[in-house]
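Colleague: I would like the atomic coordinates for the input below:
(6 chains)
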Number of protein chains: 6
Amino acid sequence: MDKVVTFGEIMLRLAPEGWYRFTQVDKFGATFGGGEANVAVSLANYGFDACFVTKLPDNPIGQSAINSLRRFGVNTSYIARGGDRVGIYYLEKGASQRGSVCVYDRAHSSIQEAKASDFDWDNIFKGAKWFHVTGITPALGQNIVDITVEACKAAKKAGVTVSCDLNYRGKLWTRDQARKAMTEICKYVDVCISNEEDAKDVFGIEAENTDINSGKLNKEGYKSVAKQLADKFGFKKVAITLRTSISATFNNWAGLLYDGKDFCFSREYEMFIVDRVGGGDSFGGGLIYALLKGKSTQEAVDFAVAASCLKHTIEGDFNAVSVSEVEKLAGGNASGRVQR
Amino acid sequence: MDKVVTFGEIMLRLAPEGWYRFTQVDKFGATFGGGEANVAVSLANYGFDACFVTKLPDNPIGQSAINSLRRFGVNTSYIARGGDRVGIYYLEKGASQRGSVCVYDRAHSSIQEAKASDFDWDNIFKGAKWFHVTGITPALGQNIVDITVEACKAAKKAGVTVSCDLNYRGKLWTRDQARKAMTEICKYVDVCISNEEDAKDVFGIEAENTDINSGKLNKEGYKSVAKQLADKFGFKKVAITLRTSISATFNNWAGLLYDGKDFCFSREYEMFIVDRVGGGDSFGGGLIYALLKGKSTQEAVDFAVAASCLKHTIEGDFNAVSVSEVEKLAGGNASGRVQR
Amino acid sequence: MDKVVTFGEIMLRLAPEGWYRFTQVDKFGATFGGGEANVAVSLANYGFDACFVTKLPDNPIGQSAINSLRRFGVNTSYIARGGDRVGIYYLEKGASQRGSVCVYDRAHSSIQEAKASDFDWDNIFKGAKWFHVTGITPALGQNIVDITVEACKAAKKAGVTVSCDLNYRGKLWTRDQARKAMTEICKYVDVCISNEEDAKDVFGIEAENTDINSGKLNKEGYKSVAKQLADKFGFKKVAITLRTSISATFNNWAGLLYDGKDFCFSREYEMFIVDRVGGGDSFGGGLIYALLKGKSTQEAVDFAVAASCLKHTIEGDFNAVSVSEVEKLAGGNASGRVQR
Amino acid sequence: MDKVVTFGEIMLRLAPEGWYRFTQVDKFGATFGGGEANVAVSLANYGFDACFVTKLPDNPIGQSAINSLRRFGVNTSYIARGGDRVGIYYLEKGASQRGSVCVYDRAHSSIQEAKASDFDWDNIFKGAKWFHVTGITPALGQNIVDITVEACKAAKKAGVTVSCDLNYRGKLWTRDQARKAMTEICKYVDVCISNEEDAKDVFGIEAENTDINSGKLNKEGYKSVAKQLADKFGFKKVAITLRTSISATFNNWAGLLYDGKDFCFSREYEMFIVDRVGGGDSFGGGLIYALLKGKSTQEAVDFAVAASCLKHTIEGDFNAVSVSEVEKLAGGNASGRVQR
Amino acid sequence: MDKVVTFGEIMLRLAPEGWYRFTQVDKFGATFGGGEANVAVSLANYGFDACFVTKLPDNPIGQSAINSLRRFGVNTSYIARGGDRVGIYYLEKGASQRGSVCVYDRAHSSIQEAKASDFDWDNIFKGAKWFHVTGITPALGQNIVDITVEACKAAKKAGVTVSCDLNYRGKLWTRDQARKAMTEICKYVDVCISNEEDAKDVFGIEAENTDINSGKLNKEGYKSVAKQLADKFGFKKVAITLRTSISATFNNWAGLLYDGKDFCFSREYEMFIVDRVGGGDSFGGGLIYALLKGKSTQEAVDFAVAASCLKHTIEGDFNAVSVSEVEKLAGGNASGRVQR
Amino acid sequence: MDKVVTFGEIMLRLAPEGWYRFTQVDKFGATFGGGEANVAVSLANYGFDACFVTKLPDNPIGQSAINSLRRFGVNTSYIARGGDRVGIYYLEKGASQRGSVCVYDRAHSSIQEAKASDFDWDNIFKGAKWFHVTGITPALGQNIVDITVEACKAAKKAGVTVSCDLNYRGKLWTRDQARKAMTEICKYVDVCISNEEDAKDVFGIEAENTDINSGKLNKEGYKSVAKQLADKFGFKKVAITLRTSISATFNNWAGLLYDGKDFCFSREYEMFIVDRVGGGDSFGGGLIYALLKGKSTQEAVDFAVAASCLKHTIEGDFNAVSVSEVEKLAGGNASGRVQR
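Modeller: Here you go, the predicted structure:
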């Protein structure tokens, strides 16, 4: 069991069942999720010793967050306890022309108010192979940016590969703040994950000379973005996720992985969406699995996109799928037939 | 807060969850709805002092109906209490090739047995700007036709604009009964709402000289219907809703508004349907909002169609959307992306 | 009320609600189903005295299985009681690119361990018109094959028409075992139901000289399969179901019925799937109804396909539809409009 | 399987789950029940061919009522179909000092508007052993009183024993109406079931010369009531149920059976109440079983009281218990231990 | 409809259903409540124009809080909108020897960060008869203490009666902070509500010379506490609630009201508890109703205790009872019988 | 974190919600439990590295069982995977005079068909402090008895303390089989847990010369049983649980611990029961905790009884309580008050 580490926030996700709106219900699904925790769950499902590092209050709600991670086999032994609250996000799932609504209530969470001394990175990275961060948690404040940078340094020192999902959250910080922080963090990053918007929002990187209205997947444009990102920060690999939102119910989904030499596109899936939150994170989880297992660039993007395609059919943030399920889909079996 | 008034029936809606059939379940969703009440809820959501006038029994079920309206901010202070029962409709939601099933159990409701003396229209219309009725409640009996006519007269006397949704219900009365009653009511109506079937069922008005098999939206036909309706009754405005039922799960949806001069069509939405009951009512609510706010004919039909498109994604009769959500969709954002 | 008989297993079906995965939930829908029981329920819904013959333990879970059948009017008076357990199948419904998962836990069930003496076939077939079996229950063991053959003989002796759905279950037995058993059973069968895979898996029968990649429904191929089946066993009629699995959420569905002379294809339905388990069984139920009512070959396949199209919109194994609902769809009304 | 017959109304029971109030919920438990139907279910559970006679509309709600009876094995083949609606009662379960609330919405039900010609009593009583009626359904109108009397006459002609539970419902008719109707019906009754209030409300029969404030069970008073009832109408047996309402959650429960000679009291149970509706009906069901099985007077009242004690622990109107469960409790095992 | 005003916080209450623990569930009941809001709901249920004053964020969660109040008829038109979040309390209901668990997550709520300028007290008190505050909301910070004092002054200026429930919350502030703040507020209070613990925690007031171990209700002690409170602050009336916690499931409940002259005790209820949160608030609501209606001291305490006894049988913070229900219980009918 | 080990079966527990009966519902709570697994969960909750050893099938249901253990922090790394099925028990919770019903469907489970080679005991006991077994799993077959004996031997060799809960299950084996097997196992046991019935059923040990009808807790009798057990097998400690079943809803509960010198009784709790399954196991878990922490005999029995008293208030098999919660109750706080 290779040891992998992710660092970030896990929030209580309060969501009406089905397609009900907030104002209609008096019951919320109460599960847990968050970009980096979601990646940890994916990696635990794939058989790694996936360690999730965060800070949670020492009360029954913090304990419930830990239980939700342990249920899927995540290693929670490095989680600091203390502080005041578990961050919350309220999620109302959209349908058809009505988009999902996300209300953050995550300020003042234990992780937002964490201190550097809460985490012993040298111990955490002992024996680890991979470290994954995103642009979400650093948006909580400079203390988190600093902790993240410190963690990245410790990771590099320990010979751990570092990946980062840019994940710009406009509700949490400005583009300028993001650029400053992510520029600092990206110095230590080997594998960068982004979508076209993130690259533009965070680093102002856009496709050059491509006709966005050509009516088909703007492949040249995405290749340009990947190359610019790699060139700017020296990333060894850059992955770009390609989402076409037809409506809240139907999306197309594909991906690109650039390894400094080849640009490999996955096939594109036409998806009926059960729950799209965590879709990008499940791409990250799949990519880390594939790269750690030594798959080729084409195989890696195929695995990552198939994994995240499956996530869109699963309720909740966590991608509850196995390696064999992902491989079956990546291998071409998308018909959804029952085996019996 | 402009005061607007609707008059009609609110029923208990008993519906299995999801796509279960009546005979499969031992639990019913128990919400409330009804054409005119649904319009009142839309208008309350849009910020009006929306008064719903009806009669409900003085028991806990009548009280629950009132509570369901108050929850969305509807003014229930003009509701008469008394009589024997809350009308019921049982609703089983269809899917794909299986249509929804609606079983009425609404006879002998308090509103059906209401008397003229239950309502003090002069008081009700004090300060009001708009009065909305439909063809549903008059179908309950001649007493309701009479009360509706009396209310329309009082509205006109008070300088209140009157709108009417023809809404023919074949399970409640015959075409002849409908024609007679609605002809009387339409004398007082400024804004008429209909679909092609209603116009034909109630008034025998059909499109002239149009090729129904041409394979595309029969725009000329709808224009003809709108014009005939306006010409016959002197309506200031006629709105027509245009539904294409591909299946119980997929419908296309658009609208036309005729202001005596211009015929303005909205764009057409391809909808995955969560709940289509109340779809027409939400069009009415959106139209009244738009006209009261002084929007142009094109803007008004765009707003009304966007509002009702959203309704099809929402469980229950009531259209729980805000002005800004409708305007976002009417403005062209139908991709259902999450904001975070 | 014509008396019809089916023989087989009814299992407890444990299934997470909606699209949840097994590992996510702590509640299972607990209904009952099984190929032959599903046909019995269809036939009871269509007004027959539908007798389901099986063996169930004499405990509250066996009683719950009986109650589930009685609820839909199935005659349970020939069910033997005894043995150790009710068989179980765990079902996780797929969506989009994620297929459904079926986990069998049916070994050692009361029916699997039944003895010939548990059933008095002469009494059971007294006054009966039709007997239906499938290839599922014989897969449980040679004792069941023997009982099935004995039942078929008794049926023929009593002048009862026999139908059989080949229904190959690769998780229960090998192709060789299936071929041997089904060859024995098919001697007594008048009406054979199959899909292309079953015919191939069980009897090695495939379409001749047809181009499977032609991009349209391989009509000639299916005709060839039907004819080969009829020729080999002397079936009076052969029905083939035609499923195109686009994804777990979208399937196309049609059928073919061959009466020794004519090959009649139904129309093809594009389905949004609520629950596809029991889809084939509901085809069988519809077919038996139509043939017993003396419908023509074209009418029969149209009715059977419409019935099973509706099943795909209904939760659970049982097809809770009436004759009039099926006839409405078979007659062309697939728009899913509400009647009110 | 002895054939037994009950005649009356089955209603849709709409009830919030647990101890929620009507105005708090948007979901109702939707089961079915009614005094005479409840007795039929008890008798079906005890192994009789229990026929329930009523009239139900020919729609899916009427069908659901039939399904609910069939589920427990009740013979529904004599139920007339037609009329407008299924009667409803709304039930809110009380707790501690808050009593349950029952709102009737049963006027205009199919059974209330039934005609004599809807029922062929000679056919219904063919082979029957017992006929049970109550004072509830006759309260719906003179037509029902007449049908009940006609049924009783047919029963006596067919040699069928007749039992009647007085069951006065003050919300449905006056004491005078009840006295007149029940006096007519009681002419044909062999076994009368009552509680102290019913005897007083319907026939003005009260205990003589007993001190109601003595602080202990007023045994002499109940004996007097039983004897007066028997003397007045010539009942062969009179059963009295004895309830002490400490609160909505705790009741004491016992019974008396008088056979014209002996007065036999059961033991008294101290009950924690799950659902008390149908408690009296389950006493009637138990009594009929015991008397048909030839049990002694003491055994019969013990069985009936144990059966109805168990009912108070079961959700819904129907008493889902077996003979062996009742006998275990009647035999003295009230400790509620688990067998494993 | 007399106008009454309460000021304070309304929180989202997240609670597992039934007796489940936090760590066991993935669904929370999501209702709203809080000391002063609960009093407002009681008063709206009793027919007053009950205005609840608070501050809530301008997002869908804030809107849901408003909707929950409107549903029960509370006037929400004076609620300020703005700020960051709705306060939350997590509630796990205890049973038997396991006490309930309450986890606050209410810091940084909109009301905690409210400013004096958010409320126009002169306008709010226009036409009002009563103003109610508690010791809970002032515990959120000095700004709230100041706003409360300002509100009290405005109330007195407007001739409005002021009541205060001491309600000490040890998790929110210290005894010293509470004493200082409540001493300031109590200057303006006419009617004080407390329990023995509050009086001691906040003001150090205890019973003199009474034997707490005498084994019976310490009536003299409670009288002493009431008198000391009245003497110290010049309260016109002091009410004391008397709870005996036998376990989380069984409590005894009574009250005392002192009017400066007489000490009136209510009867004591032995309660099976459905939900005890809001029990004290419902006492306050009942007391205000009774005093505003001019009831005698004995009648008032009887009404208030009966109202709050009923609350303990009702799920959620809000006391969903009517005046007639309370009066029935106060009048002695505690048997929980069904009326039908 | 001391390492502790338990060995046995974990089953899927299928149970209707609340007090519903099997035949009433179409949904089952689907959690997991079993005597030894329950002890492991208790110990994990108390902070130990609690390892549960069993065998589970390599399918999603086996995975769900593992997830349910991981959620509460149990170490599942020694669980063997393979075999055919997860054992099941169906549980219907009783109330008042209706006892709970338990239907076993556990034959042919993976653990029942496990082989010695599935477990590497020397590795399992590396660093362990305690090993706990019960009389339940050995009842599955001689192979399990043999494995258990082998495990006990390995434990003794590794210097691990061994405890055993006699737990006789009459549905699984005979008294003779139990005596033979448990006599063999008890050779290795240090701490024996029993109730009066187990001691009698398994070893024929009864209280001597005590008057069972004396009306009070038969303390001398229990002391005699404990002493006889200790003398017969040389147990260092014997614990006896004392349950008085008043009804399925109300039980009294206490315990005795004998350390070879002193007989220490706990206080007796009067319990309102939420779920009594797992009550004995939670006593075992509490006892092991207390003894490992070096508590005195009196403290240990007090802790164990308080822990198991709390279990009776918690849904499901697992005792979701913390050390501090148990200590609070053991310390005398049983009032169930809310802290806030």
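Colleague: C-alpha only now, for contacts and for neighbours.
Modeller: Fine.
Colleague: how close does A:Ala181 get to A:Ile144?
Modeller: Look at A:Ala181 and A:Ile144: by Cα to Cα, to the nearest Å, they are 10 Å apart.
Colleague: Quick check: neighbours shared by these two?
Modeller: A:Pro138 (Cα atoms under 8 Å, 6 or more residues apart in numbering or on different chains).
Colleague: Quick check: the gap between A:Gly294 and B:Ser308.
Modeller: In terms of Cα to Cα, A:Gly294 sits 51 Å off from B:Ser308.
Colleague: can you give me the helices in the stretch 101-250 of chain A?
Modeller: Taking DSSP state H, counting those that start in this stretch as the test, the helices found in the stretch 101-250 of chain A are A:121-124, A:142-157, A:175-186, A:196-203, A:219-233.
Colleague: Switch those helices over to TSV; also include mean pLDDT and mean neighbour count.
Modeller: Formatted as TSV, the helices of the stretch 101-250 of chain A follow (pLDDT from 0 to 100; neighbours: other Cα atoms under 10 Å in any protein chain shown):
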stretch	mean pLDDT	mean neighbour count
helix A:121-124	98	16
helix A:142-157	98	19
helix A:175-186	97	18
helix A:196-203	92	19
helix A:219-233	95	19
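Colleague: of those helices, which approaches D:Ala40 most closely?
Modeller: Checking the helices of the stretch 101-250 of chain A against D:Ala40 by Cα to Cα gives helix A:196-203 as the closest, at 67.4 Å.
Colleague: next one: phi and psi at the nearest residue to A:Val338 once chain neighbours are set aside?
Modeller: Distances taken as Cα to Cα, 6 or more residues apart in numbering or on different chains put C:Ser100 closest to A:Val338, at 5.0 Å, once the chain neighbours are dropped. With angles defined as degrees, to the nearest 10, C:Ser100 sits at phi -70, psi 150.
Colleague: contacting residues for C:Ser100?
Modeller: Taking Cα under 8 Å, 6+ apart, we find C:Ser100 in contact with A:Gly336, A:Arg337, A:Val338, A:Gln339, C:Leu91, C:Glu92, C:Lys93, C:Gly94, C:Ala248.
Colleague: Now do the strands in the stretch 151-300 of chain A.
Modeller: For the stretch 151-300 of chain A, applying DSSP state E, counting those that start in this stretch gives strands covering A:161-165, A:191-195, A:237-245, A:250-258, A:263-265, A:269-272.
Colleague: in its sheet, what does the fourth one sit against?
Modeller: Meaning strand A:250-258. strand A:237-245 (antiparallel), strand A:263-265 (antiparallel), strand A:269-272 (antiparallel) (DSSP bridges).
Colleague: wouldn't A:Trp173 be in contact with A:Pro138 here?
Modeller: No. Using Cα atoms under 8 Å, A:Trp173 is not in contact with A:Pro138, being 9.4 Å away.
Colleague: how many neighbours does A:Leu172 have?
Modeller: A:Leu172 has 19 neighbours, counted by other Cα atoms under 10 Å in any protein chain shown.
Colleague: how about the residues of chain A near chain F?
Modeller: Residues of chain A lying near chain F by Cα under 8 Å from any Cα of the partner chain: A:Asn67, A:Ser68, A:Leu69, A:Arg70, A:Arg71, A:Phe72, A:Gly73.
Colleague: Just the buried residues out of the residues you listed, in ChimeraX syntax.
Modeller: In ChimeraX, a selection of the buried entries from those looks like this (16 or more other Cα atoms under 10 Å in any protein chain shown):
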select /A:67,68,69,70,71,72,73
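Colleague: circling back to that earlier point, the residue nearest to A:Val338 and chain F, how far apart?
Modeller: Separation of C:Ser100 from chain F (Cα to the nearest Cα, to the nearest Å): 12 Å.
Colleague: Now do that residue against chain B, distance only.
Modeller: Taking Cα to the nearest Cα, one finds C:Ser100 at 18 Å from chain B.
Colleague: Need the nearest residue in space to A:Tyr78, chain neighbours excluded.
Modeller: A:Val53 (5.7 Å).
Colleague: Helix or strand with the lowest mean pLDDT in chain A?
Modeller: In chain A, no helix or strand scores lower on mean pLDDT, DSSP states H and E than helix A:196-203, which sits at a mean of 92.
Colleague: Could you list every helix and strand in contact with that helix?
Modeller: In terms of contacts (3 or more Cα pairs under 8 Å, 6 or more residues apart in numbering or on different chains; DSSP states H and E), helix A:196-203 is packed against helix A:175-186, helix A:219-233, strand A:237-245.
Colleague: How far off centre is the longest one?
Modeller: The chain centroid and the centroid of helix A:219-233 are separated by 20 Å, computed with Cα atoms, centre = their mean, to the nearest Å.
Colleague: In contact with the most centrally placed residue in chain A, which residues are there?
Modeller: Note on chain A: the residue nearest the mean C-alpha position is A:Asp281, at 2.6 Å, using Cα atoms, centre = their mean. Listed by Cα under 8 Å, 6+ apart, the contact set of A:Asp281 reads A:Gly35, A:Glu36, A:Asn38, A:Val39, A:Ser308.
Colleague: Quick check: the first one vs chain F, distance?
Modeller: The reference is to A:Gly35. For A:Gly35, the distance to chain F (Cα to the nearest Cα) stands at 20 Å.
Colleague: What of the last one?
Modeller: Plainly put, A:Ser308 is 20 Å away from chain F if you go by Cα to the nearest Cα.
Colleague: quick one: low-confidence ranges for the stretch 51-200 of chain A?
Modeller: Residue ranges of the stretch 51-200 of chain A with pLDDT under 70: none are present.
Colleague: Please list the residues of it that sit near chain E.
Modeller: So the stretch 51-200 of chain A meets chain E at A:Asn59, A:Pro60, A:Ile61, A:Gln63, A:Ser64, A:Asn67, A:Asp84, A:Arg85, A:Val103, A:Asp105 (Cα under 8 Å from any Cα).
Colleague: burial of the nearest residue to A:Tyr89 once chain neighbours are set aside, as a residue count?
Modeller: Among residues not flanking A:Tyr89 along the chain, A:Tyr104 sits closest, at 4.6 Å (Cα to Cα, 6+ apart). By other Cα under 10 Å, the residues close to A:Tyr104 number 18.
Colleague: Next up, the contacts around A:Gly62.
Modeller: Counting by Cα under 8 Å, 6+ apart, A:Gly62 makes contact with A:Leu56, A:Arg85, A:Val86.
Colleague: Equivalent analysis for A:Leu256, please.
Modeller: Residues in contact with A:Leu256 (Cα under 8 Å, 6+ apart) are A:Tyr222, A:Lys223, A:Ala239, A:Ile240, A:Thr241, A:Leu242, A:Phe263, A:Cys264, A:Phe265, A:Ser266, A:Val301.
Colleague: do you know how far it is from chain B?
Modeller: A:Leu256 is 21 Å from chain B, by Cα to the nearest Cα.
Colleague: That residue bridge partners, please.
Modeller: Beta bridges link A:Leu256 to A:Ile240, A:Phe265 when assigned by DSSP bridges.
Colleague: burial count for the closest residue to A:Gly18 other than its chain neighbours?
Modeller: Distances taken as Cα to Cα, 6+ apart place A:Lys93 nearest to A:Gly18, at 7.2 Å, with adjacent residues excluded. Residues lying near A:Lys93 (other Cα under 10 Å) number 26.
Colleague: my read: A:Lys93 touches A:Phe22, true?
Modeller: No. Between A:Lys93 and A:Phe22 there is no contact under Cα under 8 Å: 9.6 Å.
Colleague: Now for these two: what residues contact both?
Modeller: Residues touching both A:Lys93 and A:Phe22 comprise A:Ala15, A:Pro16, with contact defined as Cα under 8 Å, 6+ apart.
Colleague: Low-confidence regions, the stretch 201-340 of chain A specifically.
Modeller: Low-confidence segments of the stretch 201-340 of chain A, defined by pLDDT under 70: A:209-217, A:339-340.
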